[in-house]
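Novice: Quick one, fold the following:
(chains A, B, C, D, E and F)
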Number of protein chains: 6
Amino acid sequence: MNADVLIKKIKALKIQGAKNVALAGLEALNIYASEIKSGNKEKFLKELGSKAGVVASSRPTEPALRNSISFIMRRLYRCRDVTEIRKTLSAEIAEFSENIESTIKKIGEIGARRISNGDVVFTHCHSNTVIGIFRRAKLEGKKFSVVCTETRPMNQGLITAKELAKMRIPVTLIVDSAARTFMKKCDMVIIGADAITSTGDVVNKIGSSTMALIAEDLKKPFYVAAGTHKVDPATAQGFLEVIEERPKKEVAKKINGVEIRNPAFDVVAARRITGIITESGVMPPQNVYKLAGKFN
Amino acid sequence: MNADVLIKKIKALKIQGAKNVALAGLEALNIYASEIKSGNKEKFLKELGSKAGVVASSRPTEPALRNSISFIMRRLYRCRDVTEIRKTLSAEIAEFSENIESTIKKIGEIGARRISNGDVVFTHCHSNTVIGIFRRAKLEGKKFSVVCTETRPMNQGLITAKELAKMRIPVTLIVDSAARTFMKKCDMVIIGADAITSTGDVVNKIGSSTMALIAEDLKKPFYVAAGTHKVDPATAQGFLEVIEERPKKEVAKKINGVEIRNPAFDVVAARRITGIITESGVMPPQNVYKLAGKFN
Amino acid sequence: MNADVLIKKIKALKIQGAKNVALAGLEALNIYASEIKSGNKEKFLKELGSKAGVVASSRPTEPALRNSISFIMRRLYRCRDVTEIRKTLSAEIAEFSENIESTIKKIGEIGARRISNGDVVFTHCHSNTVIGIFRRAKLEGKKFSVVCTETRPMNQGLITAKELAKMRIPVTLIVDSAARTFMKKCDMVIIGADAITSTGDVVNKIGSSTMALIAEDLKKPFYVAAGTHKVDPATAQGFLEVIEERPKKEVAKKINGVEIRNPAFDVVAARRITGIITESGVMPPQNVYKLAGKFN
Amino acid sequence: MNADVLIKKIKALKIQGAKNVALAGLEALNIYASEIKSGNKEKFLKELGSKAGVVASSRPTEPALRNSISFIMRRLYRCRDVTEIRKTLSAEIAEFSENIESTIKKIGEIGARRISNGDVVFTHCHSNTVIGIFRRAKLEGKKFSVVCTETRPMNQGLITAKELAKMRIPVTLIVDSAARTFMKKCDMVIIGADAITSTGDVVNKIGSSTMALIAEDLKKPFYVAAGTHKVDPATAQGFLEVIEERPKKEVAKKINGVEIRNPAFDVVAARRITGIITESGVMPPQNVYKLAGKFN
Amino acid sequence: MNADVLIKKIKALKIQGAKNVALAGLEALNIYASEIKSGNKEKFLKELGSKAGVVASSRPTEPALRNSISFIMRRLYRCRDVTEIRKTLSAEIAEFSENIESTIKKIGEIGARRISNGDVVFTHCHSNTVIGIFRRAKLEGKKFSVVCTETRPMNQGLITAKELAKMRIPVTLIVDSAARTFMKKCDMVIIGADAITSTGDVVNKIGSSTMALIAEDLKKPFYVAAGTHKVDPATAQGFLEVIEERPKKEVAKKINGVEIRNPAFDVVAARRITGIITESGVMPPQNVYKLAGKFN
Amino acid sequence: MNADVLIKKIKALKIQGAKNVALAGLEALNIYASEIKSGNKEKFLKELGSKAGVVASSRPTEPALRNSISFIMRRLYRCRDVTEIRKTLSAEIAEFSENIESTIKKIGEIGARRISNGDVVFTHCHSNTVIGIFRRAKLEGKKFSVVCTETRPMNQGLITAKELAKMRIPVTLIVDSAARTFMKKCDMVIIGADAITSTGDVVNKIGSSTMALIAEDLKKPFYVAAGTHKVDPATAQGFLEVIEERPKKEVAKKINGVEIRNPAFDVVAARRITGIITESGVMPPQNVYKLAGKFN
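Specialist: Got it, this is the predicted structure:
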């Protein structure tokens, strides 16, 4: 596989989900490394560093990708020679892949404990981590059901609905605007995250901040399920999370005289989040930044 | 035109908008009347009354229809003979049609005064009354723009966007879930109404209660534009407005194991409404019921 | 029956409930009238007026009593002679008794329409008007259940629980402090009223304002069921509703060094009330004062 | 006195307070009338009408002035001839002056009943109507104290403080920014009004909306004391109350590179007002518009 | 004393208060240890571990008990032989007893600093830790008073009232439903805690969450006084605190057709807590979990 | 310079701003140290410790001063002899001065990243740290403008306005009461801090808590810019921040019968703060206490 093609795919949103994007990015980095000829440590690292920048910036709203790359690059600088660098790079990528899987598994175990028999859980969009919680709760034999929004414009909610149906978890699909009507009868909300800021705000699929506002209004527990690799350390340094604006055609075909806008994410304020379910436990949003210390 | 066909169209949502539904219903009533043979006043009214019930119940969430019919029927009972009844019925229908047009015109004039140069107005779904306000403000030469949601599942927001574009009013189209992101930069919200209850709550297109919640959170003025014929007197008698549930296929194609739900309306609490713009002026929601006294 | 004894009973809270107190007060007034010897209209009215004052002030927090007396006295002043006065007094008392019964019946009919199959309704203390709603809903064959607080210190909630149990309406009894835990699973709250102010605030049994606060927090509809004779016109004139402080021993036996306080009522702010269910319909709290026009 | 000079004074804010402005405006109108020569009714009214327009628009944020003029002009149009017009004009002006005095007196009586011994009342700016309440409560022998803000930029709070000190009512003067610190220990807030809208919002001295926000946050009763002649009927027709922007030098001397802004009023949302104390009683803000029916 | 008898007493609520329950549980564990015959380390620990499980689960809502046991057991596993285990167990129990006393003393010192002369403090139920704060403030010569609820159904508030009366601290006793009326005149609220979750929520006597809601509404500081041994580390792992349901007869005698419910605790949301007063200082609720690190 | 004179100036508010006060205090301490004759370490430290107490208490609401002194004194106690003490003292003071400058610089860099082109930023009073952010953003070429309050009674807002004008940053000056009107059109609020408590509350110039309340109501991000040396560790130990009451004449000239009050600060609740911009990054208010660990 060509690294440039991979990067193109990431940019074109052909690859989706924090985990998949991070893994693809690391794979691209590994390919780039294999293509560097130089046996000189400094030259090698300079070239690789430049490629790392290309990979890291291929998706501005994916801190998991950026975090893993900067974490691994820091390790590489401590290696003695190119041989060790190549070995370390492969080992770190393998470890990161493993970690991301075990993180999702651990969050599944912890999150499932919040679901009791008879509960109705509300979710928005599609998140592997949230699906992991539902899978685990089902495995434990819990009887619960899920309400999920279609999640316009890309309808990822249908993926969630189909995956739950396959697991034989009762699921109800609604339009995004019907969220308030159905959340009244739900027991809690669980969504995923694209990024977590230093103050505990959560960046996630457009509509998430409205779901949190409704949950606050109705006093429903609002959980975010996300590994600490989602923390974006740049936010502590004052940077604002960039909100990607996607193609207009995702919303509607061109209409003369009508401007179409399509921001892909919005920001859930920390104070509206009951807890973030991380691999280290259910935490107040304000404290997740510190748990991600190794990425800072 | 056959009256039964008209009723069928109303039931099948082929005819939409409070005004159009009411006018079609009255037309059907008129046709039914023309088909009654009896020259005996009592018999005539009994037969017509039964038809009036059929017409009134053809769309449970359209109080404008019910209100006009019960208002006209009360007048007919006071006529001396069938000849007078027939004449009165035609005259009343004509008057109602005229009234509904002048109501929309008057609301347009009043509502347009709330729009100032440079304002950005947010709207949801499609409402002839709201469009009337925008048309009037544009006629007066005001420079303003509109943000409108697509309004899933039937996308009536696209009708709004197209009508505004035709009038050369700058308009931005967004998915329903992006409402909070864009309302932050808006100056006010104006939506229409399907029904107004005795306590000033407003029944309107699904998502309206969420738009009102967001507006309350962001402290944006939230106006409802609606004639007093939208008041439902039955709500004073304790009846709850029935929330119609529309066909699932409007939301998505059938998916095995997934239940699809499609309620068409929700209820905006009176306390979240800054004012209702009626033909009698901008009123607190709590006081609109009394303005509709002639329908009670 | 001696009128002074009746007044004593009213003062000693031996007679309870707005309806019973008002009827007893009117009976006392009637007895007082029968004891006045004078055949001179002016003298008669002066004496009766002074007795009316005694009756009206026997329970400061019962506007129903005061309203009926001042309403009847105004009528008496328009009579030509003592004979007509005596006749009018009896007739008015009879009419008031009838009205209060028909008011409760009408409120029962209207209120019952807000209860749907499967609903859980929360109530606090004991109110004949609220019981009337439950009775009617049960008569109509609705399947619903009630959660009621014990209502310290006098435990009137137990009366509510027993009356509902007798009607075979499923009922759950809890301590007042458990209200929030149970209201989460309720669909609405319905309480009675001791008095309604000109701004729509409701004076009711201690704890009512907390129940309304919890309902607001959880976004549960909060209804007050009360006839318009509960409106206190003096509040429009600036007077504050007097909050009666009852005997300490109702709370606990004397404890050395501990002050015991026992206010009997508190005030529910109008903005926390979804609607007041009156004999004239479900109304916004702000508009009930005007419905009681004849008492002003 | 020359009428044009009077109008100039009104425009230059030399005459202040709703009452004083309205009386001066009516005086000007009377002088204008005396200067019209024509004995022809139509000509006379046409000339007077044009002058009435000049007077009414001399202070855009004083509905009391506009209301009295349009009310009186409507009466004049019903007169038979110029003689009757001149007589009616004088009589109506006299009656209005009397009414405005009795309104303030009546509000004083009603408002004073809301003040109990030991109360601390918070006020902002200076209002004759509010002072009337304090005067009356003091006359009735009530022991209470007042906290008043200095009310930048014109420091009308100092006038309030001095008037209260003269009446020997204990008064504390603070900077506007200290309002929250002191309101915590107050029992209620009472302010005046420049205008009341059809939805019950109150336009008053800059800072009033913040005082209302603080009162809402701390759950303190927030009263507005204002006669119904403050209602602005144009707001029902959609017009927004114009917020006057006063000279920059009131705020600070010119500073190079610094823009100074000085809006004189802001708007208190109806939902933050506990009640408006009018000459007709303590009313929910939403219902005051109807009480002012004769001005509409 | 027999260990099984102790455990029975704990289960039967004969022993109350986090401190007393933990000490009794540790005593039981010590007795069980003394009854184990085996001199083999592995066998000994296995047997003791099984007894530790019995003790730890004797009261599900007492994390102090569970925390101390799991903390001590971890230490025992590091011992070389049975002799050392026995010595360590006694030493650790002694140390824990001492710690719990010094924790309460330290919290008393810190908490007392929040009380100023003239303050009125609101409390709910009975807590040794809270009493410790009042005792200390009194010792320092502060003049303050306390309002305490009776705390149905077991009336522990009377214990609080009596203990305060004995210390000559002025105290007012009210029914639980009167909390809102009296909290208006209080300066702060201080309650104890049964458990603290990883997100800073506090589990405490039924009614506590309502007291916090009232305090939030009235903007009164709401403190929880609790040692860090109250943190329940299982909540970080997703487990929900179990809410014990006590005997119905505590609420009322059996009534035919009436279901009685008696949950003993409810949960105060972290965002409604001003600070938790721990032995390590006044902390934001979100940060107390980390302070309890040694128990995790 | 005489140390006593310096202390007097600090007390008389001749020296203002956390940084300037701290530096002046340290200079005073250094002078006092130079005046101590004794060569005996214990005697020297005893004398210096007593002077340190004088300096630290010269301004009760300046934790930066107290923090630096107690931090330095702890270091001195670890020195071997007087020579080392003198050297260490000078070195530590130099380091503190440097740190405070680099802290302000670092906060400037981080804070400037929150400002985007086209933003309008609201500020209250004058803060070197906030000015540092504006300076940095301007240096980076960002186009933004600032709204600043005059900040009665001492009008420090005019200093802010003038400094911004000098930097050619567009700035609008308003009276404090106009904050709500102008904040509606702002994108964020940034203020400084005098002290930060252990629970993340911020003590700042009177009016700050109202600015935070308005920002919360309008959902505007509310930032505090402050170095961690502003944390007051005494608050963790239960001590309340003392609110200084300044001379009455700052507010107004003496008026007979009028009490003037002039508290200089108020407290912004942590839950109303979006983030505190410290030298270590943008942090949730609850977590700043721990960042200041070295001062505890």
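Novice: Tell me the residues of chain A that contact chain F?
Specialist: Proximity of chain A to chain F, by Cβ under 8 Å from any Cβ of the partner chain, involves residues A:197-200, A:235-240, A:270-271, A:286-287, A:290. (C-beta placed from N, C-alpha, C; glycine too.)
Novice: Quick check: strands, which of these are part of them?
Specialist: The members of the residues of chain A next to chain F all map outside strands under DSSP state E.
Novice: quick one: which of those is nearest to chain D?
Specialist: Distance to chain D across the residues of chain A next to chain F (Cβ to the nearest Cβ) is lowest for residue A:271, with 16.1 Å.
Novice: picking that back up, now the residues of chain A next to chain F: which count as buried?
Specialist: Listed as buried from the residues of chain A next to chain F are A:197-200, A:235-239, A:270-271, A:286-287, A:290; burial here means 16 or more other Cβ atoms under 10 Å in any protein chain shown.
Novice: Show me where chain A dips below the pLDDT cut-off.
Specialist: Scanning chain A for pLDDT under 70 picks out the ranges A:1, A:294-296.
Novice: can you give me the helices for it?
Specialist: Here chain A has its helices, by DSSP state H, at A:3-11, A:18-35, A:41-56, A:63-77, A:82-112, A:128-139, A:156-166, A:179-183, A:208-218, A:288-291.
Novice: Please enumerate residues in contact with the first one?
Specialist: Pointing back at helix A:3-11 there. Residues outside helix A:3-11 that contact it (Cβ atoms under 8 Å, 6 or more residues apart in numbering or on different chains) are A:15, A:21, A:24-25, A:27-29, A:31-32, A:35, A:51, A:54-55, A:58-59.
Novice: thinking residue A:243 is in contact with residue A:61, fair?
Specialist: Yes. Using Cβ atoms under 8 Å, residue A:243 makes contact with residue A:61 at a distance of 7.3 Å.
Novice: which residues are common contacts for these two?
Specialist: Joint contacts of residue A:243 and residue A:61 (Cβ under 8 Å, 6+ apart) are A:203, A:264, A:265.
Novice: Of these, which is the most crowded?
Specialist: residue A:203 (26 neighbours; other Cβ atoms under 10 Å in any protein chain shown).
Novice: hey, what's that residue bridged with?
Specialist: For residue A:203, the beta-bridge partners are residue A:195, residue A:267 (DSSP bridges).
Novice: burial of residue A:121, as a residue count?
Specialist: Look at residue A:121: counted by other Cβ under 10 Å, it has 24 neighbours.
Novice: Chain D versus that one, what's the distance?
Specialist: Distance, residue A:121 to chain D, by Cβ to the nearest Cβ, to the nearest Å: 34 Å.
Novice: Name the nearest residue to that residue, ignoring sequence neighbours.
Specialist: Spatial nearest neighbour of residue A:121, excluding adjacent residues (Cβ to Cβ, 6 or more residues apart in numbering or on different chains): residue A:146 at 5.1 Å.
Novice: and the residue of the stretch 51-200 of chain A nearest chain F?
Specialist: Closest approach between the stretch 51-200 of chain A and chain F, counting by Cβ to the nearest Cβ: residue A:199, at 4.4 Å.
Novice: Am I right that that residue is in contact with residue F:274?
Specialist: Yes. With contacts counted by Cβ under 8 Å, residue A:199 reaches residue F:274, the gap being 6.8 Å.
Novice: Leaving out chain neighbours, which residue sits closest to residue A:27?
Specialist: The nearest residue in space to residue A:27 (Cβ to Cβ, 6+ apart) is residue A:6, at 6.4 Å.
Novice: What of residue A:232?
Specialist: Setting aside the residues directly before and after it, residue A:232 is nearest to residue A:63 in space (Cβ to Cβ, 6+ apart), at 3.8 Å.
Novice: and that neighbour, what is it in contact with?
Specialist: Contact analysis of residue A:63 by Cβ under 8 Å, 6+ apart lists A:194, A:195, A:196, A:229, A:230, A:231, A:232, A:233, A:234.
Novice: hmm, try it at 6 Å
Specialist: A:195, A:230, A:232 (Cβ atoms under 6 Å, 6 or more residues apart in numbering or on different chains).
Novice: Ok, residue A:17 next?
Specialist: residue A:128.
Novice: Please report phi then psi for it.
Specialist: phi 90, psi 130 (degrees, to the nearest 10).
Novice: what's the distance between the residue of the stretch 1-150 of chain A found nearest chain B and chain E?
Specialist: Nearest to chain B in the stretch 1-150 of chain A, going by Cβ to the nearest Cβ, is residue A:150, at a distance of 6.6 Å. Distance check for residue A:150 against chain E: by Cβ to the nearest Cβ, it reads 29 Å.
Novice: Give the closest residue to that residue in space, chain neighbours not counted.
Specialist: Taking Cβ to Cβ, 6+ apart, and ignoring the residues beside it in sequence, residue A:150 has residue A:157 as its nearest neighbour in space, at 4.4 Å.
Novice: how many neighbours does the residue lying closest to residue A:24 once chain neighbours are set aside have?
Specialist: Closest residue in space to residue A:24, ignoring its immediate chain neighbours: residue A:15 at 4.9 Å, by Cβ to Cβ, 6+ apart. By other Cβ under 10 Å, the residues close to residue A:15 number 19.
Novice: about what we covered before: which single one of the residues of chain A next to chain F is nearest to residue A:2?
Specialist: Within the residues of chain A next to chain F, the smallest distance to residue A:2 is 31.3 Å, found for residue A:239 (Cβ to Cβ).
Novice: per-domain residue ranges of chain A.
Specialist: Following automatic domain parsing, chain A resolves into domains at A:3-104, A:108-291.
Novice: Next, report how far the longest one is displaced from the centre of its chain.
Specialist: Average the C-alpha atoms of domain A:108-291, do the same for its chain, and the two points are 10 Å apart (Cα atoms, centre = their mean, to the nearest Å).
Novice: The shortest one now?
Specialist: Distance of domain A:3-104 from its chain centroid, counting by Cα atoms, centre = their mean, is 17 Å.
Novice: Which positions in the stretch 101-250 of chain A make contact with chain E?
Specialist: For the stretch 101-250 of chain A, the residues in contact with chain E (Cβ under 6 Å from any Cβ of the partner chain) are A:110, A:113, A:114.
Novice: Give me the neighbour count for the residue nearest to residue A:79 when sequence neighbours are not counted.
Specialist: Nearest residue to residue A:79 in three dimensions, chain neighbours excluded: residue A:85, at 4.6 Å (Cβ to Cβ, 6+ apart). For residue A:85, the neighbour count with other Cβ under 10 Å is 21.
Novice: Which residues of chain A lie near chain B?
Specialist: Counting by Cβ under 6 Å from any Cβ, chain A sits next to chain B at A:152-153, A:161, A:165, A:171-178, A:180-181, A:206-207, A:209-210, A:213, A:217, A:251, A:257-261, A:263, A:266.
Novice: wait, isn't residue A:52 in contact with residue A:69?
Specialist: Yes. Residue A:52 is within contact range of residue A:69, at 5.3 Å (criterion: Cβ atoms under 6 Å).
Novice: Next, the contact list for residue A:64, please.
Specialist: With Cβ under 6 Å, 6+ apart, residue A:64 has these contacts: A:18, A:22, A:229, A:230.
Novice: I'd say the second one and residue A:66 touch.
Specialist: When you say that, I think you mean residue A:22. No. Contact criterion Cβ under 6 Å: residue A:22 and residue A:66 do not qualify, at 8.9 Å.
Novice: the more surrounded of residue A:243 and residue A:61?
Specialist: residue A:61 (19 against 15).
Novice: How much space separates the more buried one from residue A:10?
Specialist: Residue A:61 is 12 Å from residue A:10, where distance means Cβ to Cβ, to the nearest Å.
Novice: Over to residue A:198?
Specialist: Going from residue A:198 to residue A:10 by Cβ to Cβ gives 25 Å.
Novice: Fine by me, thanks again.
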